[in-house]
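J.: The following block contains a protein sequence and its predicted model.
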Amino acid sequence: MNVYDSEQIAKVLTPLGYEISPTIEAADLIMVNTCAIREKAEQKAFSFLGRLTALKRRKPGLIICVGGCVAQQEGRMIIERVPQVDLVFGTQAINRLPEHIRNISLKRCRITDVEMTREIMEFPSGIKPVVDDNITRFVTIMRGCDNYCTYCVVPHVRGPEISRRPENIINEIRELVEAGVKEVTLLGQNVNSYGMKEGLCSFPELLKLVNEIEGLSRIRFTTSHPKDLSEELISAFAGIEKLCSHIHLPVQSGSDTILKRMNRKYTRELYLEKIERLRKISPDIAITSDIIVGFPGETEDDFRATLDLVKEVEFDSLFTFGYSDRKNAPAARFSEKVPDDKKNERLQELLELQEYYTVKKNRALVGSTEPILVEGFSKKQGTEDGQERFAGIRWTGRTSTNKIVNFIDAKTPTDDDNLMGNRIDVMIEKAFSHSLWGRPVNVKPMPLRVKGEESYAA
Ligand code: 5AD
Ligand code: SF4
């Protein structure tokens, strides 16, 4: 979500004459977009701000702005404690940035804007996307969250859930597709409840509308809350052609006691039932998840229940987190905190277990031919394991199941033979823990599109 927000920040500043600076030292304005999900992210933001002190001293006209969730949470405190900061703007203030930047430039004032509204923030359309050459992009379809999981700061810093109108989402995706984007990931804290409060269309209906956009190859979405994962959405994996075979379904814990204390509103059994339904509809679907270890009160048995669930589901990959106290979230006041060394021990055990399944899932693809959307290249030569060396460009892309595939194509020895954005078949030859290595089958390279040149039909 912050990646998307950063792009919107860059976009709203374009009409003021700003463009992306090649280095931080050359910048006239620095935007620090912060994350408050765990303590570490927050500490990183403050230490980064600390490192900007010397830069501001050398260049007093430099404007430093802090946005995102830490800004929303701390507000004026940042202005008071960090003298080099000119603007603190909250999660709902991005579209007011031009006005604030103008005021700061003219009056050299310092501003805090952490106002929350009940309206969805929309950005002007028709401005060329700032980050070009991208094949895949995020598109926020809703903001905020109404779920109040007891460990989570999001509802407190991003406000209540609000959905964007389908026509605005579709227009934005059309603009991205015109700029060369082939894949979009629709973002929301709980996409399942998209449009419900506002009486807009349902999320599966929105997926159908996005599916009709010409020129778009792939659709992904994140995140779906297990409690609300509907039969209609499960069926979308079979019925919506461009929807990729991957779902991120955060389970957080395999213990019912912990799930209850997390306020997740589903049981382990219900979660497993949803997995069964998904695999029935779409047997090859990749399933990934988030797990928190060391939630307050998590016993050895609770943790074993999580490990058992991981064994039962066999996730394609996992994001694992050590529980972190967030001052606005109720769990910060829960007793029976798990000591850090115990948390790290459990985290390690979980990671090792998951590594086995990640490799197992990757190995199962060796020998198969997978359609890959080519997303980029590195001029680094040679294979992933460095044993064999080939001349040519090392291309990278993803399978529909979101696995990274690297390959070298002898027919595209220079970047003039551009495969970016193409969908090509790659025969998988090797599996590693975080990527696959393959050989393209029947590649027809496309001429590299000159920047600014319109695409045309021949
Ligand atoms: N501590 C640890 N992990 C957290 N997450 C959210 N809040 C916390 C917290 N306080 C994790 C959850 C969520 C992911 C984005 O971050 O697993 O799904
Ligand atoms: Fe946080 Fe829960 Fe909302 Fe996800 S669903 S953003 S974990 S409160």
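T.: Okay, I see it. Numbers count the residues shown, from 1 in each chain. Ligands and ions are numbered 1, 2, ... in the order given.
J.: pLDDT wise, what is the closest residue to Ser435 other than its chain neighbours at?
T.: In this structure, Ser435 finds its nearest non-sequential neighbour in Ile404, 4.2 Å apart by C-beta to C-beta, 6 or more residues apart in numbering. All C-beta spots, glycine's among them, are computed from the backbone N, C-alpha and C. According to the prediction, Ile404 has pLDDT 96.
J.: which residues pair with Ile404 across the strands?
T.: Taking DSSP bridges as the rule, Ile404 bridges to Arg398.
J.: Show the contacting residues for it.
T.: Counting by C-beta atoms under 8 Å, 6 or more residues apart in numbering, Ile404 touches Thr396, Gly397, Arg398, His434, Ser435, Leu436.
J.: hmm, which of those residues are the buried ones?
T.: The neighbour count (16 or more other C-beta atoms under 10 Å) marks Thr396, Gly397, Arg398, Ser435, Leu436 as buried among these.
J.: Among these, which ones lie close to ligand 1?
T.: Among these, not one lies near ligand 1 by C-beta under 6 Å from any ligand atom.
J.: Can you tell me which of those comes closest to ligand 1?
T.: Taking C-beta to the nearest ligand atom as the measure, ligand 1 sits nearest to Arg398 out of the buried ones among the contacts of Ile404, at 20.6 Å.
J.: could you give me the average pLDDT of stretch 74-84?
T.: Averaging pLDDT along stretch 74-84 yields 93.
J.: what's in contact with it?
T.: 46, 49-50, 52-53, 56, 64, 66, 70-71, 85, 88, 90, 110, 112, 114.
J.: Of those, grab the buried ones for PyMOL.
T.: Applying 16+ other C-beta under 10 Å to the contacts of stretch 74-84, the buried members can be selected in PyMOL as follows:
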select buried, resi 46+49+52+56+64+66+70+71+85+88+90+112+114
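J.: List the contacts of the closest residue to Val114 other than its chain neighbours.
T.: Distance criterion C-beta to C-beta, 6+ apart; nearest residue to Val114, sequence neighbours excluded, is Gly90 at 3.6 Å. Residues near Gly90 by C-beta under 8 Å, 6+ apart: Gly67, Ala71, Gln72, Gly75, Asp113, Val114, Glu115, Met116, Val157.
J.: List the contacts of Arg96.
T.: Applying C-beta under 8 Å, 6+ apart, the residues near Arg96 are Phe89, Asp113.
J.: Can you verify it is assigned to a helix?
T.: Yes - counting by DSSP: H, G, I helix; E, B strand; the rest coil, Arg96 is located in a helix.
J.: picking up where we left off before, how much space between the residue nearest to Ser435 and Leu373?
T.: 11 Å (C-beta to C-beta, to the nearest Å).
J.: other SSEs contacting the helix or strand Lys208 falls within?
T.: For Lys208, the host element (DSSP states H and E) is helix 203-211. For helix 203-211, the packing partners by 3 or more C-beta pairs under 8 Å, 6 or more residues apart in numbering; DSSP states H and E come out as helix 166-178, strand 183-187, strand 218-222, helix 231-239.
J.: mind checking which of the ones you listed is nearest Gly421?
T.: Taking C-beta to C-beta, strand 183-187 is the member of the helices and strands packed on helix 203-211 nearest to Gly421, at 9.0 Å.
J.: can the closest one be found next to ligand 1?
T.: No - with C-beta under 6 Å from any ligand atom as the criterion, ligand 1 is not reached by strand 183-187; the gap is at least 12.0 Å.
J.: which residue packs closest to Val313, ignoring adjacent ones?
T.: If you skip the residues right next to it in sequence, Val313 has Ile275 as its closest partner in space, 5.6 Å away by C-beta to C-beta, 6+ apart.
J.: circling back to that earlier point, overlap in contacts, Ile404 and Leu373.
T.: Common contacts of Ile404 and Leu373, defined by C-beta under 8 Å, 6+ apart, comprise Gly397, Arg398.
J.: what does the stretch 301-450 of the chain put close to ligand 1?
T.: Counting by C-beta under 6 Å from any ligand atom, the residues of the stretch 301-450 of the chain near ligand 1 are Phe321, Tyr323, Ser324, Arg326.
J.: Return the residues in contact with the third one.
T.: Shown here is Ser324, whose contacts under the criterion C-beta under 8 Å, 6+ apart are Arg38, Glu39, Lys40.
J.: what about burial for those, which qualify?
T.: For the contacts of Ser324, a neighbour count by 16+ other C-beta under 10 Å gives the buried set as Arg38.
J.: what would the contacts of Ser324 look like in TSV with distance to Leu353 and secondary structure?
T.: Formatted as TSV, the contacts of Ser324 follow (distance: C-beta to C-beta, whole Å; DSSP: H, G, I helix; E, B strand; the rest coil):
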residue	distance to Leu353	secondary structure
Arg38	22	coil
Glu39	25	helix
Lys40	23	helix
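J.: Now tabulate the contacts of Ser324 in a markdown table and tack on pLDDT and distance to ligand 1.
T.: Output for these, formatted as a markdown table (pLDDT from 0 to 100; distance: C-beta to the nearest ligand atom, whole Å):
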| residue | pLDDT | distance to ligand 1 |
| --- | --- | --- |
| Arg38 | 94 | 5 |
| Glu39 | 93 | 8 |
| Lys40 | 93 | 10 |
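J.: quick one: pLDDT of Glu122?
T.: You'll see Glu122 listed with a pLDDT of 81.
J.: Count the residues that sit near the residue nearest to it when sequence neighbours are not counted.
T.: Computed as C-beta to C-beta, 6+ apart, the closest residue to Glu122 that is not its neighbour in sequence is Asn168, at 5.9 Å. Using other C-beta atoms under 10 Å, Asn168 has 14 neighbouring residues.
J.: Just list the residues touching the nearest residue to Glu355 once chain neighbours are set aside, thanks.
T.: With C-beta to C-beta, 6+ apart as the criterion, Glu355 has its nearest non-adjacent residue at 6.2 Å, and that residue is Ser433. Taking C-beta under 8 Å, 6+ apart as the contact definition, Ser433 lies against Glu355, Thr358, Val359, Asn362.
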